[in-house]
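Trainee: sequence isn't available, so here's the structure alone:
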């Protein structure tokens, strides 16, 4: 499983930043959820929700 965090500018609707996390590299699903939650909190400091959206895209490996 891969989770991609994407920052979108609400005004232009363009992707301005993204990063990916792989479950296989992190360990457990709970660890991945903690990392994602903490990272979203950090990103909101630089990208305030009034101007930017943070989207989570989940890819499942076949």
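Mentor: Arrived safely. Just so we're clear, the structure is a prediction, and the values are computed from it rather than from any experiment. Numbering: from 1, shown residues only.
Trainee: what about the helices in the protein?
Mentor: 23-26, 29-46 (DSSP state H).
Trainee: dump these into TSV; add mean pLDDT and distance to residue 61 as well.
Mentor: No exception for glycine: its C-beta is placed from N, CA and C like everyone else's. Listed next are the helices of the chain as TSV, based on pLDDT from 0 to 100; distance: least, C-beta to C-beta, whole Å:
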stretch	mean pLDDT	distance to residue 61
helix 23-26	93	8
helix 29-46	95	13
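Trainee: okay, those in a markdown table with mean neighbour count and distance to residue 10 next?
Mentor: Formatted as a markdown table, the helices of the chain follow (neighbours: other C-beta atoms under 10 Å; distance: least, C-beta to C-beta, whole Å):
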| stretch | mean neighbour count | distance to residue 10 |
| --- | --- | --- |
| helix 23-26 | 13 | 29 |
| helix 29-46 | 12 | 13 |
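Trainee: closest to residue 53 out of those?
Mentor: Across these, residue 53 has its closest neighbour in helix 29-46 (10.6 Å, C-beta to C-beta).
Trainee: residues contacting that closest one, please?
Mentor: 1, 3, 5, 7, 19, 21, 23, 26, 54, 56 (C-beta atoms under 8 Å, 6 or more residues apart in numbering).
Trainee: my read: the last one touches residue 7, true?
Mentor: When you say that, I think you mean residue 56. No: the pair residue 56 and residue 7 does not pass the contact test of C-beta atoms under 8 Å, sitting 11.3 Å apart.
Trainee: going through the contacts of helix 29-46, which ones are buried?
Mentor: 3, 5, 7, 21, 23, 26 (16 or more other C-beta atoms under 10 Å).
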